[in-house]
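*Asks:* sequence and computational prediction follow.
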Amino acid sequence: MTRYETVIGLEVHAQLKTRSKIFCSCSTQFGAEPNENVCPVCSGMPGVLPVLNRKVVEYAAKMGLAIDSHINMKSVFARKNYFYPDLPKGYQTSQFELPICEFGHVDIVTAKGPKRVGVTRIHMEEDAGKNIHSVQDNASYVDLNRSCVPLIEIVSEPDMRNAEEAVAYLKALRSILVYLDICDGNMEEGSFRCDANVSVRPFGQEAFGTRAELKNLNSFKHVQKAIDYEVERQIDLVEDGEKVVQETRLYDAAKGTTHSMRGKEEAHDYRYFPCPDLVPLVLEQAWLDQWRAELPELPKARGQRFAAQYGLSVDDAVLLTAERDLAEYFEAAVGAYGEPKKIANWIMTDILRELNQTGGRAADLKLSPQSLATLVRLVEEGSISAKSGKDILPELLATGDDPEALVKAKGLVQISDTSALEADVDAVLAENPKELADFRAGKTKLMGFFVGQIMRRTKGQANPAVVNQLLAEKLK
């Protein structure tokens, strides 16, 4: 067992789903041609003045309300000064001493049970542009489309003690943002990204160790691998009598390692001061009351309701409510066919496997929740076998066809009428007198032989449950 304790704090940047940028009217559309969504304000031209986007304030406050933060009725924008080619103004407009939200928390489930992770602050800020380095052209380019795109930075307390807890916190945070419909949570496109501050200390020591900040973490898998690697690296340094350097490190996904990028800046390095172009933001209580009333049912509450209302296990309820689209898909299917546990089983196995393979979302499925409900009903009523249902599901997912029509077209309807099957059962028993005698002599394993013969005779359309029932009656 290791003698060291890991300490992790996360800084998450979430891009808000506004149509326009935080201080100008340029579009926030992803994937536009380089420097297409740019104006004098977001390109940092001299003499321009920013105008605050009201939606950004609303979304930031709603996130704070969702995680039980204190909402500051007065907050102040500040200039964070640093030089980089993708930051034409030479400073980033952010918040420092007076952010919009403080002192919240996010509840997660860990291997040791429930845990509460503190959130120090949420503040609004603008994104920087993007540097593009071309080896082929031996040149670097700057795309300012992202410049001035609205972000909230969510800064956690250093409450996490291993990579698994960090990933659980990130997933919970992302789920809340997506439920609120204020961020799409797309890590690959950079609309949900995080930096991890990692340090180690001997068990029992109260003082924190020297931390390294990990950047370039664009997936949950990378977060876990980068933290695990960094923890081992720091422990090795300490064990060898060396010192951990406070620095910013990049994660190399190909090698699974981190490497030094630059020394870690402190707050004083940025020379924060109140932005002279933006007056202090003063909220009204009526706005907060309205925003609080507009909050949707959030993942934790929805998971608790699913467990109570639908009789699901806690684990199943958490899985089904992690993504808002999936939770709504499940409830729509249950509304069409009131068998929540059976619907849940199909979603958690077959549907989720499909989504994991394609990287898609439940909202994008061609198979509607009502059609999934129809498929489950056909199986449960015995109209088709469970195997047939599983066999046609990929086609239904690909086409969105009506399950009943597809079942009829493929001739998969099961024969469940006992009177129709009785003649086949009698015929099979009459055609196999030796096996019948052996069965009655005690070789009960021959039951499978008889079932197989009847299935062959009916070209697989006999309902196995009905066949077994008829055989049990006739072989007494």
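*Replies:* Alright, I've got the coordinates.
*Asks:* quick one: strands adjacent to the one helix or strand Lys115 maps to?
*Replies:* Element membership for Lys115 (DSSP states H and E) is strand 113-126. Applying DSSP bridges to the sheet, strand 113-126 is found paired with strand 101-110 (antiparallel), strand 150-156 (antiparallel).
*Asks:* chain center to the last one, what's the gap?
*Replies:* Just to be clear, that refers to strand 150-156. Relative to the chain's own centre, strand 150-156 is displaced by 17 Å; criterion: Cα atoms, centre = their mean, to the nearest Å.
*Asks:* what residues of it count as buried?
*Replies:* Of the residues in strand 150-156, those with enough neighbours to count as buried (16 or more other Cβ atoms under 10 Å) are Pro150, Leu151, Ile152, Glu153, Ile154, Val155, Ser156. Every C-beta, even on glycine, is put in place using the N, C-alpha and C of the backbone.
*Asks:* average pLDDT for it?
*Replies:* Along strand 150-156, the predicted local confidence has a mean pLDDT of 97.
*Asks:* which residues sit against it?
*Replies:* 9-16, 18, 21-22, 28, 53, 56, 59-60, 63, 94, 106, 117-127, 169, 173 (Cβ atoms under 8 Å, 6 or more residues apart in numbering).
*Asks:* just for the stretch 101-250 of the chain, where's the confidence low?
*Replies:* For the stretch 101-250 of the chain, no stretch is flagged by pLDDT under 70.
*Asks:* packing partners for the helix or strand encompassing Leu470?
*Replies:* According to DSSP H and E, Leu470 maps onto helix 464-474. In terms of contacts (3 or more Cβ pairs under 8 Å, 6 or more residues apart in numbering; DSSP states H and E), helix 464-474 is packed against helix 418-431, helix 447-457.
*Asks:* list the buried residues in it.
*Replies:* Buried positions in helix 464-474, judged by neighbour count with 16+ other Cβ under 10 Å: Pro464, Val466, Val467, Leu470, Leu471.
*Asks:* buried residues in the longest helix anywhere in the chain?
*Replies:* When every helix of the chain is counted residue by residue (DSSP state H), the longest turns out to be helix 220-239. Of the residues in helix 220-239, those with enough neighbours to count as buried (16+ other Cβ under 10 Å) are 220, 222-231, 233-235, 238.
*Asks:* specify which member of those is nearest to Asp143.
*Replies:* For Asp143, the nearest member of those is His222. The distance, counting by Cβ to Cβ, is 23.2 Å.
*Asks:* out of the helices and strands packed on helix 464-474, which gets the lowest mean score?
*Replies:* If the helices and strands packed on helix 464-474 are sorted by mean pLDDT, helix 418-431 sits at the bottom with a mean of 74.
*Asks:* what lies in contact with it?
*Replies:* If you take Cβ under 8 Å, 6+ apart as the criterion, helix 418-431 is touched by 415, 436, 450, 453-454, 457-458, 462-463, 466-467, 469-471, 474-475.
*Asks:* for that helix, the distance to its chain's centre please.
*Replies:* Mean-position distance between helix 418-431 and its chain equals 53 Å (Cα atoms, centre = their mean).
*Asks:* break the chain into its domains for me.
*Replies:* According to automatic domain parsing, the chain is divided into the following domains: 4-289, 297-409, 418-474.
*Asks:* who touches stretch 377-388?
*Replies:* Stretch 377-388 is contacted by residues 337, 339, 342, 389, 403-404, 407, 412-414, 416, 463-466 when judged by Cβ under 8 Å, 6+ apart.
*Asks:* scan these and report the most crowded one.
*Replies:* Taking other Cβ atoms under 10 Å to define a neighbour, the member of the contacts of stretch 377-388 with the most is Pro403, carrying 25 neighbours.
*Asks:* thought Val376 was touching it, still the case?
*Replies:* No. Look at Pro403 against Val376 with Cβ atoms under 8 Å: they stay out of range, at 9.2 Å.
*Asks:* next up, the contacts around Tyr4.
*Replies:* Val200, Arg201, Pro202, Phe203, Val231, Ile235, Val238.
*Asks:* can you lay out those as JSON lines showing distance to Ile182?
*Replies:* Written out in JSON lines, the entries for the contacts of Tyr4 read as follows (distance: Cβ to Cβ, whole Å):
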{"residue": "Val200", "distance to Ile182": "35"}
{"residue": "Arg201", "distance to Ile182": "36"}
{"residue": "Pro202", "distance to Ile182": "41"}
{"residue": "Phe203", "distance to Ile182": "39"}
{"residue": "Val231", "distance to Ile182": "32"}
{"residue": "Ile235", "distance to Ile182": "39"}
{"residue": "Val238", "distance to Ile182": "41"}
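*Asks:* from those residues, which is closest to Asn186?
*Replies:* Comparing the contacts of Tyr4 against Asn186 with Cβ to Cβ places Val231 closest, at 27.7 Å.
*Asks:* with adjacent residues omitted, what lies nearest to the closest one?
*Replies:* Thr6 (5.2 Å; Cβ to Cβ, 6 or more residues apart in numbering).
*Asks:* one more: Met160?
*Replies:* Leaving out its chain neighbours, the residue that sits closest to Met160 by Cβ to Cβ, 6+ apart is Ile8, at 4.0 Å.
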